[in-house]
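A.B. asks: only the shape, not the letters, is given here:
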């Protein structure tokens, strides 16, 4: 079976509260009314670009009901980024305020595919991750099983992560399966990236944070100092690790563990570290990914998917040591230096560009651009920022612009530039 009948969960939970006071039945009735004004095709790939989370879910479940494959697009994406997404994993329609027909071509896809999300590739171009219903259901069930002592019939999941990210998408799916509530306000369970927690602690919002029954913390490297501070304040933090390719969580620690790393495997997950690289084996592993319009299966090693993350397994759990492909994470978003460099090099005056991470107290890391111009003269920083903003999402725009490159041999040393950025 390609897709689970998600509508059965609305019927199963019926008059129980689901969305901001609406019952499961009322939410589903509103979804049906919302979609009556739209022609929804059958068995097509449909891009979703939607800012409102309620309408997003209306579209998602309606497309699944019609055996379509939703392709989740960031609402804030620029036109050039949208074009890149389309070239990466083409789709037949785009559903915004209405349906826009884009293509009649037939696209080769895995038989069990029900969803495509985008993640940054190390080459700078996005990759479209293909997920099945089994991936989604197994991920949700594994999380619910792992956290069962922190969940109950009155659990209210907070919708505070973007739904086009796998971490955000799994929140409503867990709630739907378990019969829990969803809210765009304050819930009893929340998910955060480290940047969000750092901001909340800076605002001295400790009282609000201590009211949560559970705080899932992941999506980026978690500073040990942040975990220690959170535990000292009595926050119920669960550090967690996962990827889009693994349908979110594969590893986590319970709040009671007070772990300073990502903990151990969730139920039904196998994790190992081979030559320093984290590998995962599970029914949550995606079938493969799209690049340049073509689907390619993941290369597996004895059933294990090899991430590009460096790790170390010990008795205390899994320590995440960083990326093995030059990428870094800023505020929960994957940053590909190559993507930014390629765009910056379209500037008529710039002949060399290198982007490196710089440690940031709020975002974990932020991008810094080193560049060289044709006439060896620096450009006005605000002009460069404006230029970058025209083709890059806000989180990809460098936070600092440094004219001049440190030369070591025939080309700039990325490692030396990273070290130099530390002192900025």
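C.D. replies: Thanks, I have the structure now. Model, not experiment: these values are computed from the prediction.

A.B. asks: for residue 372, list each beta-bridge partner.
C.D. replies: With DSSP bridges applied, residue 372 shows beta-bridge pairing to residue 352.

A.B. asks: mind listing what the spatially most central residue of the chain touches?
C.D. replies: With distances taken as Cα atoms, centre = their mean, residue 165 lies nearest the centre of the chain, 3.6 Å away. Residues near residue 165 by Cβ atoms under 8 Å, 6 or more residues apart in numbering: 117, 219, 244, 332. The way it works is simple: take the backbone N, C-alpha and C, and place the C-beta from them, glycine included.

A.B. asks: residues contacting the closest residue to the last one other than its chain neighbours?
C.D. replies: In this case it means residue 332. Of all residues not flanking residue 332 in the chain, residue 193 sits nearest, at 3.1 Å (Cβ to Cβ, 6 or more residues apart in numbering). Residues in contact with residue 193 (Cβ under 8 Å, 6+ apart) are 161, 217, 218, 219, 220, 331, 332.

A.B. asks: low pLDDT regions in the chain?
C.D. replies: Under the criterion pLDDT under 70, the flagged ranges of the chain are 1-4, 121-124, 406-413.

A.B. asks: now the residue in the chain sticking out farthest from the centre, nearest residue through space, not along the chain?
C.D. replies: Ranked by distance from the centre of the chain (Cα atoms, centre = their mean), the top residue is residue 375, with 40.1 Å. Leaving aside its chain neighbours, residue 375 sits nearest to residue 349 (7.3 Å; criterion: Cβ to Cβ, 6+ apart).

A.B. asks: pretty sure the one you found contacts residue 378?
C.D. replies: No. Between residue 349 and residue 378 there is no contact under Cβ atoms under 8 Å: 10.1 Å.

A.B. asks: domain ranges for the chain?
C.D. replies: 1-324, 328-422 (automatic domain parsing).

A.B. asks: ok, so of the contacts of residue 193, who is nearest residue 311?
C.D. replies: Relative to residue 311, the closest of those is residue 218; by Cβ to Cβ it sits at 13.9 Å.

A.B. asks: can you give me every residue that contacts the closest one?
C.D. replies: Counting by Cβ under 8 Å, 6+ apart, residue 218 touches 167, 191, 193, 239, 240, 241, 242, 249, 252, 262.

A.B. asks: using the three-state scheme, assign the fourth one.
C.D. replies: Classification of residue 239 into helix, strand or coil gives strand, according to DSSP: H, G, I helix; E, B strand; the rest coil.

A.B. asks: got it, and the first one?
C.D. replies: On the three-state scheme (three-state DSSP), residue 167 is labelled helix.

A.B. asks: next, count neighbours for it.
C.D. replies: Around residue 167 there are 22 other residues, counting by other Cβ atoms under 10 Å.

A.B. asks: might one say that it is in contact with residue 160?
C.D. replies: No. Contact between residue 167 and residue 160 fails when scored by Cβ under 8 Å: they sit 10.4 Å apart.
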